[in-house]
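Trainee: Have a look; sequence and predicted model below, questions after that.
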Amino acid sequence: MEKSIQKESLFSLNTVQLKVIACICMLIDHINTFLSGEIFHATGINISFFTIAPFNFDWLYAIGRIAFPIFCFQIAEGCRYTSNIKKYFLRLFLFGIITQPVYAWAHEFEHSSNVLFTLALGVLCIAMFQKIQHINAARFVQYLLCTLSLALIWFVSVLFKTDYFQLGVPFLVGLYLLKNRNHQVAWTFGFLFILYVLYSNWNGIEFTVFSHWTILLDTLLILAISCISLLVIHAYRYTKMSYHQSWFYWFYPVHLLILCIIRWAIVSFA
């Protein structure tokens with residue numbers, strides 16, 4: 001597959017730097033999600049909100065929204081350059097299984113699956129696309145098979161309630177199919193706009209985002225902060241480098257486990 005060529009830039013980021021940024025944002029989000037309530041009850045300190053008169057804006061939540069687009073972009077780029085996409089899928093799926101018990105504990109055993117399954121299903125869909133491209137068939141037949149593959153994988157993600165299940169897999173696959181960096185950035189903005197302005201505020205009858213100006217401002221601030229991921233993605237430049245990939249895979253379950261233990265300790269001994 002043809003690789004996109006990016007112009008040189010005064011500011012650029014490599015793979016490791018992107019992953020570190022995404023992990024930090026994810027950690028901030030999870031500290032806010034899993035510890036803020038317990039810390040408030042134990043100490044009276046609310047770490048979740050930064051007061052912007054006349055309402056409270058959850059800025060830690062907004063920072064956490066930067067992580068997912070970067071992870072998806074990295075997975076899409078990984079599919080583009082990996083020599084063995086099957087191992088790539090199996091690695092993500094295996095760590096999804098390892099993470100699931102901790103993820104379930106963190107979310108108080110609600111029926112859902114962690115984000116590694118979302119990423120793994122996206123890689124599986126891309127692998128199916130690559131197989132279909134080598135089938136000796138008419139172009140429209142290949143398009144039809146790719147569409148059916150995406151629909152099947154999307155159905156599986158919804159069935160098992162993987163993280164970002166309605167939009168995660170199509171978003172990741174779209175990043176892979178778009179080779180131009182500007183197009184990838186535009187696709188990411190569309191994903192964020194749909195997710196945080198339209199989808200998350202739809203109640204089945206009307207857009208609740210327009211029911212009060214503070215809700216609209218809150219939503220636009222989340223969108224604006226999450227769009228920092230666009231700058232990070234645009235600054236990425238592919239560089240072949242050697243690093244321990246396992247560190248990033250283990251970071252997800254290990255940091256969740258540590259946060260769960262801290263939450264349990266606060267609740268038990270506060």
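Mentor: That came in fine, so what should we check first?
Trainee: State the mean pLDDT of stretch 11-26.
Mentor: Average pLDDT, stretch 11-26: 94.
Trainee: Can you show me the strands along the stretch 51-200 of the chain?
Mentor: Counting by DSSP state E, counting those that start in this stretch, the stretch 51-200 of the chain has strands at residues 55-57.
Trainee: chain center to the strand or helix carrying residue 268: distance?
Mentor: Assigned by DSSP states H and E, residue 268 falls within helix 246-269. Taking Cα atoms, centre = their mean, to the nearest Å, one finds helix 246-269 lying 19 Å from the centre of the chain it belongs to.
Trainee: Can you tell me what sits against it?
Mentor: By Cβ atoms under 8 Å, 6 or more residues apart in numbering, the residues outside helix 246-269 that reach it are 19, 23, 26-27, 30-31, 34-35, 38-39, 42, 91-92, 95, 98-99, 102-103, 105-106, 114-116. In this view, the C-beta of every residue, glycine as well, is placed from N, C-alpha and C.
Trainee: Helices of the stretch 1-150 of the chain, start to end?
Mentor: Taking DSSP state H, counting those that start in this stretch as the test, the helices found in the stretch 1-150 of the chain are 15-43, 59-64, 67-81, 85-106, 115-133, 139-159.
Trainee: ok, and what's touching the third one?
Mentor: What it means is helix 67-81. Residues outside helix 67-81 that contact it (Cβ under 8 Å, 6+ apart) are 1, 3, 15, 18-19, 21-23, 25-26, 29, 85, 88, 92, 115, 119, 122-123, 126-127, 164, 168, 171-173, 175-176, 184, 188, 191-192, 226, 229-230, 232-233, 236, 238.
Trainee: Burial check on residue 160, number of neighbours?
Mentor: Neighbourhood size, residue 160 [other Cβ atoms under 10 Å]: 14.
Trainee: ok now do it, which residues does it touch?
Mentor: 113, 117.
Trainee: And the average pLDDT for stretch 231-239 is what?
Mentor: Averaging pLDDT along stretch 231-239 yields 92.
Trainee: Just the terminal-to-terminal distance for that stretch.
Mentor: Stretch 231-239 has an end-to-end distance of 18 Å (criterion: Cα to Cα, to the nearest Å).
Trainee: doesn't residue 242 fall inside a strand?
Mentor: No - assigned with DSSP: H, G, I helix; E, B strand; the rest coil, residue 242 falls outside any strand and is coil.
Trainee: got the phi/psi numbers for it?
Mentor: phi -110, psi 130 (degrees, to the nearest 10).
Trainee: Tell me who's in contact with residue 37.
Mentor: Per Cβ under 8 Å, 6+ apart, neighbours of residue 37: none.
Trainee: And the pLDDT for it?
Mentor: Per-residue confidence at residue 37 stands at 73 (pLDDT).
Trainee: just to revisit the earlier point, drop anything exposed from the contacts of helix 67-81.
Mentor: Neighbour counting by 16 or more other Cβ atoms under 10 Å classes 15, 18-19, 21-23, 25-26, 29, 85, 88, 92, 115, 119, 122-123, 126-127, 164, 168, 171-173, 175-176, 184, 188, 191-192, 226, 229-230, 232-233, 236 among those as buried.
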